[in-house]
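J.: Quick one: sequence and predicted model below, then my questions.
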Amino acid sequence: MAKGKVLAVILASALALSLAACGSSNNSSTSNTSSTSSTESTPTSSSDKKVTITFQNIYPDSTTPSYKMLHQLVDQYEKEHPNITIDLDSLNTDQQKMKLKTQAASKEVPDITIVNPAAQMKPFVDAGLLAPLNDILDKDGLRDTYQKGLLDYYSFDNNVYALPDGNNIEVVYYNKELFQQAGITDTPKTFDELLQDVKTLKAKGITPIAIGEKDSWTGSFLFMNILLRTNNGPGFLQDVLDKKKTFNDPAFTEAVAKFQELVDAGAFEEGATSIDYNAGGNIFKTGKAAMYIMGTWEIGAIDSSPVAGKVGVFQFPTVNGKGDVNEYMLAPGSAFAVSANSDHLQETKDFLHFFASNLPKAEFDLKNAVGIGQKVDGDFKAAGYSDLAISALDLFKNVKGGDLAFDNTMNPATAQIHLSSIQNLFVQKVDPSQVAQEHQSAFEANNK
Amino acid sequence: MNVLKVPARTIAVFVLPCLLLYVCLVFIPILVSLYSALLDWNGISGANFIGLANFKTMLFDDPVFWPSVRRTLLYAVFSMAEIPICLMMAILLNRYVKRANTLVSIYFIPVILSVVIIGQLWKTIYNPASMGGMINGILNSLHLTSWTHSWITEPKIAMFCLYFVSLWQYFGYHLLIQFTGVQNIPSEIYEAAKIDGADGFKADRYITFPMVVPIFKISIVLAFIGSLQAFDLIMVMTGGGPANATETISTYMYNMSFLSMKYGYGSALATFLVVICLVFTVMINFVFKRIENKVS
């Protein structure tokens, strides 16, 4: 009994000691860091307040130029401002969207986060979660570095709430080698020629168009391009929103019918609706498909894939003689926004100002400047950009306007119904008027 | 409780921590989601109280909702139908296989694999032949080309392909449970029965079945609740597509809350799911109570 008690006392005291040891080591370490930081920061910076800025971003992949750009700029800023620590929270696009929504529900938006343009960021703005950025845009002429009209997609009531990282257009990439194999000499100028080429490629056993339709926005992006043509120009969805048109409009049903012709001709790989965006892109990038209809943000990835050098680019053709090939599906990029409830709003804004001002140069040096949202000084050809990048840049020069993606124009509930309705076209034959009606009822139910 | 000779207060003290945790983590969230089901809310900005409108739309106006319920219940039916097969298999293993443990462990392997891996694996198996799909490849080489399908993208069969994967994955799990149940029946009982002339199937009918009923019930409840919550596998393989053809209640709830940003509506779906779970658990308990009374 006595032995047991002694043992218990020893154990207990050991436990107490170890706890005390933990506590004291903690204390000493915190006091150390605080003392060093104060001695360090006083001489270099006027505001010696130690600040940590959380920067949620969508550049988690260390092989991409965007990742390198981000880290390069953040490191530079931290070096110049020793009192500022930037805490990067790097996530995949979908994870980030989800995390932000959860954070927004509890009003805990990170200091800097990523939002998507127009309708997708509207709920966040309406809830007063984002800070207006007019002041930093007006500082040092940052506003003028952005392409004309681009900031409009991020503005509500004359306030800009986010700074975009990109401004892309939807183009058709094609594999020159596979086109040659199928004996196609010229890129299609009309939808009928495109259909003909699809059939020719199919007959040769080549998958005509790669798509990753499990992520249903991909099909929608293509469909909207057809609609942009059949509507003879941009603005169809805006007209629907303004109640000037309905989805039962012939332009819409015609687009559905044309899209179905594409599906019926076997344009897409088998089982497309179970293939996600990355896998779909890889079908093209490994040379297994002849065409890929996607945004110009893919150029960097294509240039570093096995088909690099074999890929050309052309405009989406006219449909039934309608539309202008210089009108594109526009994809203003994801954008950096600042939390209105940030504890250190000014420091965060200062950092973002630095970040946005230096982004174009950093991206240009990393050969990632095709389709960024800001004007870039520099000779792309001399800097060693690929032919694909150069020809895409030529397309950019003649952009006459266009439409935003469906989910950037309509509210999320309507957009989801649209997305699954278009996905359905891949697997089932549906009467176009029925598709139109589905859209119209969804629109009416969700826009009261 | 009085047999323990412990004052009620002491019991309360010991029960309290768990009870508190349970109330905080299970009960309160359910009540909160019940409340948000009455809102028109996008999860971010202000919410409007709209009473039972979400439930009304859900029950009467939503073309996706009832098919999702049907698929979920069918999922449950298939999962439960698997368990008698597991039991038979367990009995056979126990009787005729010398080292059954090894076999059972092998059958158990899919259970310990992550659902994401299983999903990707089966996606590859189901793929079209041009994408290296195994099933279609085999069918082609057997000259049964007309039997090939784009398995998980054809709306009519996609859901059944998902059921199959799930059944395949959890077969080992339920087999293990049943096998343990069968093994735990003392062999003396069988020996005694043998003397009385009950052997083979007869012994199963009068000894094994009645004695594994409690274990059987555990499997049934697990399978049922598990399939009501079926989510991860579907998300990995089809994401509820093509065009909602493989949507179940829980995936639909997710899509509504987070993609369509109708939090209130998603909560209404969640509430419905809770109600179904409760109702069916009570039903299963009731049925088994009668069975147990009957056989014992």
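T.: Looks like it came in fine.
J.: Show me how far whatever helix or strand A:A436 lives in is from its chain's centre.
T.: Here A:A436, judged by DSSP states H and E, is contained in helix A:432-446. In terms of Cα atoms, centre = their mean, to the nearest Å, the centre of helix A:432-446 is set 27 Å apart from its chain centre.
J.: What residues sit buried inside it?
T.: Buried residues in helix A:432-446, defined by neighbour count with 16 or more other Cβ atoms under 10 Å in any protein chain shown: A:432, A:435-436, A:438-440, A:442-443, A:446. Where you see a C-beta, it was placed from the backbone N, CA and C, and this is true even at glycine.
J.: packing partners for it?
T.: helix A:250-264, helix A:412-427 (3 or more Cβ pairs under 8 Å, 6 or more residues apart in numbering or on different chains; DSSP states H and E).
J.: right, and A:A308 touches A:I302 too?
T.: Yes. At 6.6 Å, A:A308 and A:I302 qualify as touching, with contact defined as Cβ atoms under 8 Å.
J.: Residue 95 - how many residues pack around it?
T.: In the absence of a named chain, this looks at chain A. By other Cβ atoms under 10 Å in any protein chain shown, the residues close to A:Q95 number 12.
J.: could you do chain B instead?
T.: 14.
J.: Just the pLDDT for it.
T.: Looking at B:R95, its pLDDT stands at 82.
J.: now swap in A:D48 and tell me
T.: For A:D48, pLDDT reads 66.
J.: now the one 5 residues further on
T.: Looking at A:I53, its pLDDT reads 92.
J.: Also the one 5 residues further on?
T.: At A:I58, the model reports a pLDDT of 88.
J.: Touching, it and A:K99? I think so.
T.: No. Between A:I58 and A:K99 there is no contact under Cβ under 8 Å: 10.6 Å.
J.: which residues are in contact with both of those two?
T.: With contacts taken as Cβ atoms under 8 Å, 6 or more residues apart in numbering or on different chains, A:I58 and A:K99 have A:L91 as neighbours in common.
J.: quick one, which of these two is more surrounded?
T.: A count of neighbours by other Cβ under 10 Å puts A:I58 above the other of A:I58 and A:K99, at 19 against 15.
J.: got the contact list for the more buried one?
T.: When contacts are counted by Cβ under 8 Å, 6+ apart, A:I58 touches A:90-93, A:96, A:114, A:334.
J.: Ok, A:L150 next?
T.: Residues in contact with A:L150 (Cβ under 8 Å, 6+ apart) are A:164, A:167, A:332, A:373.
J.: Using PyMOL, define a selection of the buried residues within those.
T.: PyMOL command restricting those to the buried ones, with burial defined by 16+ other Cβ under 10 Å:
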select buried, chain A and resi 164+167+332+373
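J.: Any idea how far stretch A:401-409 is from the middle of the chain?
T.: 13 Å.
J.: In PDB, please show the C-alpha coordinates belonging to stretch A:62-78.
T.: Taking C-alpha atoms only, stretch A:62-78 is exported to PDB below (Å, rounded to 0.1, in the frame of the first residue of the first chain):
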ATOM      1  CA  SER A  62       3.500  24.400 -57.000                       C
ATOM      2  CA  THR A  63       4.200  23.500 -60.700                       C
ATOM      3  CA  THR A  64       2.100  26.300 -62.100                       C
ATOM      4  CA  PRO A  65       3.300  29.800 -62.900                       C
ATOM      5  CA  SER A  66       0.500  31.300 -60.800                       C
ATOM      6  CA  TYR A  67       1.800  29.600 -57.700                       C
ATOM      7  CA  LYS A  68       5.300  30.900 -58.400                       C
ATOM      8  CA  MET A  69       4.000  34.400 -59.000                       C
ATOM      9  CA  LEU A  70       2.100  34.400 -55.800                       C
ATOM     10  CA  HIS A  71       5.000  33.200 -53.600                       C
ATOM     11  CA  GLN A  72       7.400  35.500 -55.300                       C
ATOM     12  CA  LEU A  73       5.300  38.600 -54.600                       C
ATOM     13  CA  VAL A  74       4.400  37.600 -51.100                       C
ATOM     14  CA  ASP A  75       8.000  36.900 -50.200                       C
ATOM     15  CA  GLN A  76       9.100  40.200 -51.600                       C
ATOM     16  CA  TYR A  77       6.400  42.100 -49.600                       C
ATOM     17  CA  GLU A  78       7.200  40.300 -46.400                       C
END
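J.: Kindly state the pLDDT recorded for the residue of the stretch 101-250 of chain A found nearest chain B?
T.: As assessed by Cβ to the nearest Cβ, chain B sits closest to A:A127 within the stretch 101-250 of chain A, at 3.5 Å. Predicted confidence (pLDDT) for A:A127: 85.
J.: re the thing from before, what's the helix holding A:A436 in contact with?
T.: A:240, A:246-249, A:252-254, A:256-257, A:260, A:410-411, A:413-414, A:417-418, A:421, A:425.
J.: if we go to 7 Å?
T.: A:240, A:246-248, A:252-253, A:256-257, A:411, A:413-414, A:417-418, A:421 (Cβ atoms under 7 Å, 6 or more residues apart in numbering or on different chains).
J.: Stretch A:314-324 too?
T.: A:170-172, A:174, A:187-191, A:193-194, A:225-226, A:228-230, A:232-233, A:258, A:325-326, A:395, A:400.
J.: cool, stretch B:213-229 as well?
T.: Residues outside stretch B:213-229 that contact it (Cβ under 7 Å, 6+ apart): B:72, B:75-76, B:79-80, B:83, B:87, B:174, B:177-178, B:181, B:250, B:273, B:276-277, B:280-281, B:284, B:288, B:291-292, B:295.
J.: go with 6 Å
T.: Under the contact criterion Cβ atoms under 6 Å, 6 or more residues apart in numbering or on different chains, stretch B:213-229 has outside partners B:72, B:75-76, B:79-80, B:83, B:174, B:177, B:181, B:250, B:277, B:284, B:288, B:292.
J.: Give me the lowest-pLDDT entry from the contacts of A:L150.
T.: Among the contacts of A:L150, A:G373 carries the lowest pLDDT, at 83.
J.: What does it show for phi and psi?
T.: phi -80, psi -10 (degrees, to the nearest 10).
J.: for the closest residue to chain A within the stretch 51-200 of chain B, what are its contacts?
T.: Proximity of the stretch 51-200 of chain B to chain A (Cβ to the nearest Cβ) peaks at B:P128, 3.5 Å away. Taking Cβ under 6 Å, 6+ apart, we find B:P128 in contact with A:270-271, B:136, B:150.
J.: Give me the nearest residue to it, chain neighbours excluded.
T.: Closest residue to B:P128 apart from its sequence neighbours, by Cβ to Cβ, 6 or more residues apart in numbering or on different chains: A:E270 at 3.5 Å.
J.: I'd like the contacts of helix A:432-446 as CSV, with pLDDT, distance to A:S106 and neighbour count appended.
T.: Shown next, in CSV, are the contacts of helix A:432-446 (pLDDT from 0 to 100; distance: Cβ to Cβ, whole Å; neighbours: other Cβ atoms under 10 Å in any protein chain shown):
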residue, pLDDT, distance to A:S106, neighbour count
A:V240, 91, 34, 21
A:T246, 92, 39, 15
A:F247, 93, 36, 23
A:N248, 92, 41, 13
A:F252, 93, 39, 24
A:T253, 93, 44, 19
A:V256, 94, 41, 25
A:A257, 93, 46, 16
A:N411, 84, 22, 20
A:A413, 84, 22, 20
A:T414, 89, 26, 24
A:I417, 88, 28, 22
A:H418, 91, 30, 25
A:S421, 89, 33, 23
